[in-house]
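Chemist: how would this look folded up:
(chains A, B, C and D)
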4 protein chains.
Amino acid sequence: MCRWIAYSGTPILLSQVLFEPRHSLIDQSLHSRLGVETTNGDGFGVGWYAPDLTTPAVLRDVGPAWNNRNLQEVAHHVRSGLFFAHVRATTGTAVQQTNCHPFRRDRWMWMHNGAIREFHRLRRDLALAVDPALYAEIEGSTDSELMFYLALTFGLTDDPPGAVARMATLVEETGHRHDVEHPLQMTVAVADGRRLWVFRHSSEGASRSLYYSTRVDTLRALHPDAGYLREVSEETRLVVSEPLGDLPGAWNEVPENHYGVVEPGLDELHAFRPVA
Amino acid sequence: MCRWIAYSGTPILLSQVLFEPRHSLIDQSLHSRLGVETTNGDGFGVGWYAPDLTTPAVLRDVGPAWNNRNLQEVAHHVRSGLFFAHVRATTGTAVQQTNCHPFRRDRWMWMHNGAIREFHRLRRDLALAVDPALYAEIEGSTDSELMFYLALTFGLTDDPPGAVARMATLVEETGHRHDVEHPLQMTVAVADGRRLWVFRHSSEGASRSLYYSTRVDTLRALHPDAGYLREVSEETRLVVSEPLGDLPGAWNEVPENHYGVVEPGLDELHAFRPVA
Amino acid sequence: MCRWIAYSGTPILLSQVLFEPRHSLIDQSLHSRLGVETTNGDGFGVGWYAPDLTTPAVLRDVGPAWNNRNLQEVAHHVRSGLFFAHVRATTGTAVQQTNCHPFRRDRWMWMHNGAIREFHRLRRDLALAVDPALYAEIEGSTDSELMFYLALTFGLTDDPPGAVARMATLVEETGHRHDVEHPLQMTVAVADGRRLWVFRHSSEGASRSLYYSTRVDTLRALHPDAGYLREVSEETRLVVSEPLGDLPGAWNEVPENHYGVVEPGLDELHAFRPVA
Amino acid sequence: MCRWIAYSGTPILLSQVLFEPRHSLIDQSLHSRLGVETTNGDGFGVGWYAPDLTTPAVLRDVGPAWNNRNLQEVAHHVRSGLFFAHVRATTGTAVQQTNCHPFRRDRWMWMHNGAIREFHRLRRDLALAVDPALYAEIEGSTDSELMFYLALTFGLTDDPPGAVARMATLVEETGHRHDVEHPLQMTVAVADGRRLWVFRHSSEGASRSLYYSTRVDTLRALHPDAGYLREVSEETRLVVSEPLGDLPGAWNEVPENHYGVVEPGLDELHAFRPVA
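Modeler: Numbers count the residues shown, from 1 in each chain, chains lettered A, B, ... in the order given. As a prediction, the model looks like this:
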């Protein structure tokens, strides 16, 4: 499927997260350990919020991340305190820029790992459920983009956890109506420029891996020698499909069917329950 | 908008039509004379039928045709007796392979120059009219691909002129319902591997230019010195957005709101009337 | 050939120069008025210096600038006080990222409009003149990149005007030895992160167009209503292949066979004389 | 490094070799078993001779072979009796079309798996040894293309084994002069439209894997049920970096430091000895 990473915290060069760690996202694009596919070479994207601008920038391309020079250039020269990155392994849909994550609308970004099962059969019913005022903005052919537009339809900008739950409910109900046993498999990240929400859910209760980084002060106590940890604030948080690097105690699994909120102040972790 | 060419006749190297004429399609990609835009640099495609194979091959890419080496390679090494070529100038939709013409389904190919006006507002209603069994195959975001799927929905494989008329009717009715004065502008080419249909129509009765080549025997009589004309059969026919080359008497305009059929035996030209 | 723009001054969003002016560089990629070709669709590049980093970032791609989304994203989200942008029309060499401008080495950027005439015949002799320690870094096949490496060989990092003059001399002598009447045609921009040098020269004394913007205080006096002018410092300077926008009095031609230096304090304009 | 395949024999659809076998070249682009890297996703190429044309067609692109639609289209619609295919894993040089194999000059094609070690340090000396009349045609930055131009310089079109031996000698002597212990590692395929030469050599006597298919009549005796074998002539031969499929007895290793000639009549296998 795919691998992704979401960063929130002290503004840093994107490359410090994307290229420098030992098992970085770029390395995962070639050698994923926990993914369904070891190679994630069917496109990539990074999205970042810049100071004083409300909409994020999104750089996406159709080749592999591991050999893309523009990604290297941007990552080594742009700083951000809230950014997403995603490497894609297509499950059949076209390899094109509009199928690459993250997706954006106004100040909102969205990325996804997983799949709507038998999407081919469900696609039309799901597309019809998108707000007609939004429908024409759909540019690609992925389940992931459609999930974003469904969440927008269901109130993402007012209540992200509720909207994502309603989206998941619709996907699961639609799937069951078409005799798909486990319609939804997802880890999703959403951001609005200030806060970050991450979701781990699957119809079968066996979701794709998702980890969040341990609190920075705890990590500092565990690893007093890691200079890197002195430079970032206590608020800094990473959420990733697969752990980066090899610092023991650095990563915690997001529990099955849970979601987290990363924001100024204390972060939160809650149960995620699709609802009618 | 775009420029296209359709060839039917004696099998030749694609380059003889695509590159060699003085005002070839490739030249038109840089310097269109009759188009709305002089530059058609937002992707291109060629589709050709090969002997003994029912489905056509389609080569499409997102860069300009004029500098694409793969197009040159294929055009100079592949022969075909029925092929399409198209250079694109986007009217806003993404520059991606799945938005490039020709579109294909089984043994059918489709390409289009023109636009559904205010497509953004009509897109959802038109997509809903596509046969649900076909909907999931839509890969891009163009009006052109959607017109193809509507024509398929309305019986393209059994009755191309009737299906295209029903598609045009639906587009015009849908447009009028949304207060679009002249919803449809189109020159379309369709082929099934044996026959070629070309359509020139617009809601306002002022359609994009479309020309067909004069009968080869007539041309030979006019230009007894043109050696090229001795090599192709009497059946050979070109239909083009803009005349190629500069042979006087070589081109005739497809009349407004008409369609033509190019097939073994006599070709035909008929009035085209969208119907409910 | 090509079109380029170099900006030095108050940090601004790249888009304010690249997209917003009436006859912006992006518009010039489709409709150049003063260039040899009206279309500059064979690749593009932007290079910018970011605060606190010595090397510039370079984003280059092989498609046209006018439809490239990554260029739009970066331009609308990145600020810089010293940046280059270039749109390319190839004179025959391959359309590939390593042939796109600007070229970079360490903290130096280089871009070029023009040509070494009959480069095919001169290429090897010129390549042999490159410092053997630099030769292996040449990645593309353009005359422009080779001119950069020759200038580096001849001391660019210590004395840009002298090194560019020696490069021009070598090209002209090599050309004459091969019976090329007017070997060199160039407008070149070079920067090191702090200063900007621009060169206008041709063997025949009829160089490609090059303009620099009038002093900001003069412009303010001429156009007291132009709010945009209140936001940028007196030091702000643009050098362009073709004037942007339509503010009367805004542009001055760089004289034939001259070079300019844009730096903190007073800018300078000098005669440019290739020397042995 | 890379993986390649060369086919000579009864004209077939390229897809029968490139896509259909169980461990096809396209599968090897994702999951190479015998290569240095498991992923070969940094570009690809196919080159084929068409009937009645002397120069081969070459289709090359910078993305992975496994998701490229144009490759699928061409492979499923073009027949050839002599063709090459190559999937690339860069060892550092740019991912660009001119660095993709096969390379072509007139009717000659060349592809390579391996490397000139410390090419960065040897590149200039090797480039200087290229015939000055050929130098300007070098478009990319790979060791592989330079090896082709050196072989052309040393008489490839008259005596392929001799020219390749002289090229190998030059590379090894140049490497030793620069204190490179084992300068050359190569498996190379060359064709002129009628014959095919394959070379397996390395300075250290431990060359990359290379296999040729067993004689068709022997295979038929071993596998009387394999219908596929009834369709191809006795002359049909495949040479591959890694065996395709899983027919026992189908593949033989090209011996270390040997070359083979595939041509009408009996094929040959000889020792390969670089010479001064």
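
Chemist: what sits against the residue in the stretch 151-276 of chain A positioned nearest to chain D?
Modeler: Going by CB to the nearest CB, chain D is nearest to A:Glu242 of the stretch 151-276 of chain A, at 17.1 Å. (Each C-beta comes from the backbone N, C-alpha and C, glycine too.) Residues near A:Glu242 by CB atoms under 8 Å, 6 or more residues apart in numbering or on different chains: A:3, A:23, A:28, A:32-35, A:209, A:211.

Chemist: how does it look with 7 Å?
Modeler: A:3, A:23, A:28, A:32-34, A:209 (CB atoms under 7 Å, 6 or more residues apart in numbering or on different chains).

Chemist: of these, grab the buried ones for ChimeraX.
Modeler: Buried subset of the contacts of A:Glu242, written as a ChimeraX selection, criterion 16 or more other CB atoms under 10 Å in any protein chain shown:
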select /A:3,23,28,32,209
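
Chemist: Throw the contacts of A:Glu242 into TSV and include pLDDT, distance to chain B and secondary structure, thanks.
Modeler: Converted to TSV, the contacts of A:Glu242 look like this (pLDDT from 0 to 100; distance: CB to the nearest CB, whole Å; DSSP: H, G, I helix; E, B strand; the rest coil):
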residue	pLDDT	distance to chain B	secondary structure
A:Arg3	94	23	strand
A:His23	85	32	coil
A:Gln28	88	25	helix
A:Ser32	86	26	coil
A:Arg33	84	32	coil
A:Leu34	81	30	coil
A:Ser209	95	29	coil
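
Chemist: which strand or helix spans the residue lying closest to A:Pro160 once chain neighbours are set aside?
Modeler: Closest residue in space to A:Pro160, ignoring its immediate chain neighbours: A:Trp197 at 4.8 Å, by CB to CB, 6 or more residues apart in numbering or on different chains. Element membership for A:Trp197 (DSSP states H and E) is strand A:196-202.

Chemist: quick one: average pLDDT of whichever helix or strand comes after that strand?
Modeler: Reading on from strand A:196-202 to the C-terminus, the next helix or strand found by DSSP H and E is strand A:211-213. Strand A:211-213 shows a mean pLDDT of 94.

Chemist: so where is the stretch 151-276 of chain A shaky, pLDDT-wise?
Modeler: Along the stretch 151-276 of chain A, the parts satisfying pLDDT under 70 run over A:227-228, A:276.

Chemist: and stretch A:182-190, what's buried?
Modeler: Result for stretch A:182-190 [16+ other CB under 10 Å]: buried residues A:183-190.

Chemist: distance check, A:Thr174 against A:Gly155.
Modeler: 18 Å (CB to CB, to the nearest Å).

Chemist: didn't A:His182 look like it was pressed against A:Glu118?
Modeler: No: the pair A:His182 and A:Glu118 fails to qualify as a contact (CB atoms under 7 Å) at a distance of 10.1 Å.

Chemist: where exactly do the strands run in the stretch 51-200 of chain A?
Modeler: Applying DSSP state E, counting those that start in this stretch to the stretch 51-200 of chain A gives strands spanning A:57-61, A:79-88, A:103-105, A:108-116, A:184-191, A:196-202.

Chemist: what's the angle from the fifth one to strand A:196-202?
Modeler: What that stands for is strand A:184-191. Orientation check (axes from the mean of the first three to the mean of the last three CA atoms, to 10 degrees): strand A:184-191 against strand A:196-202 gives 180 degrees.

Chemist: can you get me a residue count around A:Leu210?
Modeler: 28 (other CB atoms under 10 Å in any protein chain shown).

Chemist: got it, and A:Glu234?
Modeler: Neighbour count for A:Glu234, taken as other CB under 10 Å: 12.

Chemist: confirm it sits in a helix?
Modeler: No: going by DSSP: H, G, I helix; E, B strand; the rest coil, the assignment for A:Glu234 is coil, not a helix.

Chemist: just give the nearest non-adjacent residue to the residue in the stretch 151-276 of chain A that chain B sits nearest to, would you?
Modeler: At 11.4 Å from chain B, A:His178 is the closest residue in the stretch 151-276 of chain A, using CB to the nearest CB. Leaving aside its chain neighbours, A:His178 sits nearest to A:Arg121 (5.3 Å; criterion: CB to CB, 6+ apart).

Chemist: which bits of the stretch 1-150 of chain A sit near chain C?
Modeler: A:50, A:53, A:57-59, A:61, A:69-70, A:73-74, A:77-78, A:97 (CB under 7 Å from any CB of the partner chain).

Chemist: just the buried ones from the residues you listed?
Modeler: A:50, A:57-59, A:61, A:70, A:73-74, A:77-78, A:97.

Chemist: farthest-apart pair in those residues, please.
Modeler: The span of these, defined through CB to CB, is set by A:His77 and A:Gln97 at 21.4 Å.

Chemist: picking up where we left off before, sheet partners, orientation included, of the strand holding A:Trp197?
Modeler: Within its sheet, strand A:196-202 is paired with strand A:184-191 (antiparallel), strand A:258-262 (antiparallel), according to DSSP bridges.

Chemist: quick one: residues contacting A:His31.
Modeler: A:Thr38.

Chemist: how far away is it from D:Pro11?
Modeler: Applying CB to CB to A:His31 and D:Pro11 gives a distance of 39 Å.

Chemist: what kind of secondary structure is the residue of the stretch 151-276 of chain A closest to chain D in?
Modeler: Three-state assignment for A:Glu242 (three-state DSSP): coil.

Chemist: for A:Pro183, what are its contacts?
Modeler: Applying CB under 7 Å, 6+ apart to A:Pro183 gives the contacts A:116-117, A:171-172, A:175-176, A:203.

Chemist: let me see the ranges of the helices in chain A.
Modeler: For chain A, the helices defined by DSSP state H occupy A:14-18, A:25-31, A:69-75, A:119-128, A:132-135, A:143-153, A:160-177, A:216-222, A:228-231.

Chemist: could you list the buried residues of stretch A:74-93?
Modeler: A:74-91, A:93.

Chemist: near chain B, anything from that stretch?
Modeler: No: shown here: stretch A:74-93 not in contact with chain B (CB under 7 Å from any CB), separated by at least 7.6 Å.

Chemist: rewinding a little: right, and the strands paired with strand A:196-202 - which one's nearest B:Pro264?
Modeler: It's strand A:184-191; of the strands paired with strand A:196-202, that one is closest to B:Pro264 (CB to CB) at 52.4 Å.

Chemist: test my guess that A:Val130 contacts A:Tyr149.
Modeler: Yes: A:Val130 lies in contact with A:Tyr149 (CB under 7 Å); the separation is 4.7 Å.

Chemist: these two: which has the busier surroundings?
Modeler: A:Tyr149 (23 against 20).

Chemist: quick one, what contacts the more buried one?
Modeler: Listed by CB under 7 Å, 6+ apart, the contact set of A:Tyr149 reads A:130, A:134, A:138.

Chemist: please identify the buried residues of stretch A:20-40?
Modeler: If you call a residue buried by 16+ other CB under 10 Å, then stretch A:20-40 has these buried ones: A:21, A:23-30, A:32, A:35, A:38-40.
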